[in-house]
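J.: Sequence and predicted structure, then a few things I'm wondering about:
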Amino acid sequence: VMLLLQMLIISPNHAKAAANPPNTPSILPKPASYTMGTGQFILTDSTSIYVAGNTAEETDELDKIGQMLAKKLNVPTGFHINVIKSANPQAGSIYLTTIGGTSSQGNEGYDLSTTTDRVTLTAYTPEGVFRGNQTLIQLLPADIEKSTVTSGVQWVIPSSTISDKPAYSYRGLMFDVVRHFFTVDQVKRQIDLASQYKINKIHLHLSDDQGWRIEIKSRPDLTRIGSTTQVGGGPGGYYTQDQFKDIVNYAAERYIEVIPEIEMPGHTNAALASYGELNPDGQRKPMRTDTEVGYSTLMAHSEVTYAFVDDVIKELAAISPSPYIHIGGDESYTTSASDYDYFIGRVTGIVNKYGKKVVGWDPSDNSSGTASDSILQNWHCTSTTGTSAIAKGMKMIVSPANAYLDMKYYTDTPIGLSWRGYINTNKAYSWDPTGCVSGASIYGTESALWAETIDTQDKMDYLLYPRLIANAEVGWTTKSNRNWDDFKARLKDHGLRMKNKGIKYFEDPIVWEP
Ligand code: TNX
């Protein structure tokens, strides 16, 4: 009888679909709530995406988001899904709307409901719709990630009701494009991939001892000299201001903010090598290609230094829409404590003068000149870091080195550093932002990808994936909704999707057991 019943329920079409998506889709990061429905929605060549906002402007914005979704869906399906501006979606359509969205959803929350005849995504803002689209794509079979037309697939979405919003509003990823330079296209590809896991901030580490990576027109030697090498002695490189803006716009289309960092007063050898006047003896330092840290410093009591910083921040502020500029502040081991204190205050003043607020690594919050609207990026997460930030009422980005993505997974995995230990996927998942320091006003989380050991896209993929997904869930999903075994099962299932996306991830044996 059971067999007969099953044969009745499972039509040939369903049988095919059942082999594709598992019963509960493996959504990463895990949504706040997911309820399975009955039946399924089937995407076809005649599916349209309807978009409607509360204003004409909002509808235009949703149209762009709809076009991005249509483009993504049309590649592997070979369909001609189009976008229609209308609040009357026909049966068989996908409807993206802010009409009926509520402020309780926040900027990034969304409700996604799928029935046999419609997919409806409702959010308070277009940004929420964009985040919701990332979930919607994950509800379709893994072949949806392919970059060529894939026939013989039934493009089904199991009926469900999803209600979702992030635990933290800052979920960042830092690229170190100094230690090894990465091209605009390589950075864009990583931004696009990260956006699929609802990362919403990209922090670009643009200067360090081994290189200066952003064009500053009033200080041409920064790129003429300072950009010309990298760790190990390769050619280095830099972004022109137009290329930087291109990256910023690409990220903004994905509702990602780019926070540029100019590292100071330490990690400044490339600047010291470009302009002799920044050194006590007036002589340019040689460029360096080793991975030593903590030896370089700007002069805290020299007006030449602040004229330089002013020139740099002025141009950067003009091309960067983010309200924040990151000023570094870590590992200034050859700057005296009083010089460091004074320097951070002066630079905070310059950043504020150009209309921006400061983000700094710990211990920049200790400076008497740190403003209360500055943000601390806490990477030590020890009992001595972050206490000044808390006392000053500063917001905190939690970025613990023991979840760093540039550490090796295991003693025997080939790429990465190990000064903070080995960080497998379980370790990258099993932490909580509240565990960094108690009493902090937590803005969110950030994953740092330092690039001493990575000089190719494949190596970048290898260190990022799957650990970035683990970090992304720590930032998006509330602690009470997170569980390693549950995550592990979803991630394991997600491997095929990463393959289809072309991600050269590390198949961590703790997830993909041999
Ligand atoms: C520490 S974390 C650094 C970086 C290195 C990294 C290597 C931090 C703020 N500074 O300069 O690249 O370790 O893991």
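T.: Structure's in. What do you need?
J.: Contact partners for residue 446?
T.: Residues near residue 446 by Cβ atoms under 8 Å, 6 or more residues apart in numbering: 170, 171, 172, 173, 174, 201, 203, 377, 397, 398, 399. In short, each C-beta sits where N, CA and C put it, glycine included.
J.: Excluding sequence neighbours, find me the nearest residue to the last one.
T.: Once flanking residues are discounted, residue 399 sits nearest to residue 446: 4.3 Å by Cβ to Cβ, 6 or more residues apart in numbering.
J.: Give me the pLDDT value at that neighbour.
T.: pLDDT recorded at residue 446 is 98.
J.: How about the residues of the protein by the ligand?
T.: Residues of the chain lying close to the ligand (Cβ under 6 Å from any ligand atom) are 293, 330, 331, 361, 379, 401, 404, 406, 417, 450, 452.
J.: Pick the one among those closest to residue 80.
T.: residue 406 (43.1 Å; Cβ to Cβ).
J.: Distance-wise, check the closest one relative to residue 428.
T.: Going from residue 406 to residue 428 by Cβ to Cβ, to the nearest Å gives 12 Å.
J.: and if you look at residue 411?
T.: From residue 411 to residue 428 the distance is 16 Å (Cβ to Cβ).
J.: Name the residue in the two with the higher neighbour count.
T.: residue 428 (25 against 7; other Cβ atoms under 10 Å).
J.: Settle this for me: that one is touching residue 465, isn't it.
T.: No - assessed by Cβ atoms under 8 Å, residue 428 is found out of contact with residue 465, at 10.5 Å.
J.: tell me the SS of the closest residue to residue 122 other than its chain neighbours?
T.: Excluding its sequence neighbours, the residue lying closest to residue 122 (Cβ to Cβ, 6+ apart) is residue 111, at 4.8 Å. State at residue 111, reduced to three classes by DSSP: H, G, I helix; E, B strand; the rest coil: strand.
J.: Report the beta-bridge partner residues of residue 111.
T.: Using DSSP bridges, the beta-bridge partners of residue 111 come out as residue 122, residue 163.
J.: Double-check that residue 236 belongs to a strand.
T.: No - checked against three-state DSSP, residue 236 lies outside a strand; its state is coil.
J.: sorry, back to before: just the residues of the chain next to the ligand now: which is nearest residue 117?
T.: Taking the residues of the chain next to the ligand together and measuring to residue 117 by Cβ to Cβ, the closest member is residue 404, at 46.8 Å.
J.: Regarding the residue nearest to the closest one when sequence neighbours are not counted, what is its secondary structure?
T.: Once flanking residues are discounted, residue 404 sits nearest to residue 448: 5.5 Å by Cβ to Cβ, 6+ apart. Three-state secondary structure (criterion: three-state DSSP) places residue 448 in strand.
J.: Mind listing the residues bridging to residue 448?
T.: residue 174.
J.: you'd agree residue 153 is up against residue 146?
T.: No - counting by Cβ under 8 Å, residue 146 is not a contact partner of residue 153; they are 9.2 Å apart.
J.: quick one: common contacting residues for the two?
T.: residue 76.
J.: Beyond the worst-scoring helix or strand of the chain on mean pLDDT, next helix or strand please.
T.: Least confident helix or strand of the chain, by mean pLDDT, DSSP states H and E, is helix 12-19 with a mean of 35. Going down the chain from helix 12-19, the next helix or strand is strand 33-42, by DSSP states H and E.
J.: Give me the next element, helix or strand, following that following strand.
T.: strand 48-52.
J.: Indicate each strand paired with that next one and its parallel or antiparallel sense.
T.: strand 82-85 (parallel), strand 93-97 (parallel).
J.: Nearest spatial neighbour of the residue of the stretch 251-400 of the chain at minimum distance from the ligand, chain-adjacent residues omitted?
T.: Residue nearest to the ligand within the stretch 251-400 of the chain (Cβ to the nearest ligand atom): residue 330, separated by 3.6 Å. Leaving aside its chain neighbours, residue 330 sits nearest to residue 361 (3.7 Å; criterion: Cβ to Cβ, 6+ apart).
J.: cool, and residue 388?
T.: Closest to residue 388 by Cβ to Cβ, 6+ apart is residue 365, at 4.2 Å.
J.: Over to residue 166?
T.: That would be residue 476: by Cβ to Cβ, 6+ apart, it lies 4.7 Å from residue 166.
J.: any idea of the pLDDT on the one you found?
T.: For residue 476, pLDDT reads 98.
J.: where along the stretch 401-514 of the chain do the strands fall?
T.: Here the stretch 401-514 of the chain has its strands, by DSSP state E, counting those that start in this stretch, at 441-449.
J.: Might you list the low-confidence residue ranges for it?
T.: The model of the stretch 401-514 of the chain has no residue with pLDDT under 70.
J.: For the ligand, what's the nearest residue on it?
T.: Closest point on the stretch 401-514 of the chain to the ligand, by Cβ to the nearest ligand atom, is residue 450, at 3.5 Å.
J.: what's around that residue, how many residues?
T.: 23.
J.: how near is the residue nearest to it when sequence neighbours are not counted to residue 430?
T.: Nearest in space to residue 450, with sequence neighbours left out and distances taken as Cβ to Cβ, 6+ apart, is residue 406 at 4.0 Å. Remark: distance between residue 406 and residue 430 (Cβ to Cβ) = 18 Å.
J.: quick one: contacts for residue 95?
T.: Contacts of residue 95 by Cβ under 8 Å, 6+ apart are 49, 50, 51, 52, 89, 118, 119, 120, 121.
J.: and what of residue 303?
T.: By Cβ under 8 Å, 6+ apart, residue 303 has no neighbours at all.
J.: Got the confidence number for the nearest residue to residue 358 once chain neighbours are set aside?
T.: Distances taken as Cβ to Cβ, 6+ apart place residue 374 nearest to residue 358, at 4.0 Å, with adjacent residues excluded. Looking at residue 374, its pLDDT is 98.
J.: element containing residue 343, please.
T.: Going by DSSP H and E, residue 343 is in helix 337-353.
J.: Identify the residues contacting that helix?
T.: Taking Cβ under 8 Å, 6+ apart as the rule, helix 337-353 contacts 264-265, 297-298, 300-301, 305-306, 309-310, 313, 317, 325, 327, 329, 332, 335, 357-358, 360, 364, 366-371, 374.
J.: Next, the angle from the helix or strand following it to strand 441-449.
T.: Next helix or strand after helix 337-353 toward the C-terminus (DSSP H and E): strand 357-361. Per axes from the mean of the first three to the mean of the last three Cα atoms, to 10 degrees, the angle that strand 357-361 makes with strand 441-449 is 60 degrees.
J.: Just the mean pLDDT for strand 357-361, thanks.
T.: 98.
J.: circling back: of the contacts of helix 337-353, which count as buried by neighbour count?
T.: 264-265, 297-298, 300, 305-306, 309-310, 313, 317, 325, 327, 329, 332, 335, 357-358, 360, 364, 366-367, 369-371, 374 (16 or more other Cβ atoms under 10 Å).
J.: Give the bridge partners for the residue nearest to residue 330, please.
T.: residue 377.
J.: mind checking how far it is from residue 345?
T.: 16 Å.
J.: Model confidence at the residue nearest to residue 378 when sequence neighbours are not counted, what's the number?
T.: Spatial nearest neighbour of residue 378, excluding adjacent residues (Cβ to Cβ, 6+ apart): residue 386 at 4.7 Å. Looking at residue 386, its pLDDT reads 95.
J.: need the contact list for residue 386.
T.: 362, 365, 376, 378, 396, 436, 437, 440.
J.: and with 6 Å instead?
T.: For residue 386, the contacting residues are 378, 437, 440, by Cβ atoms under 6 Å, 6 or more residues apart in numbering.
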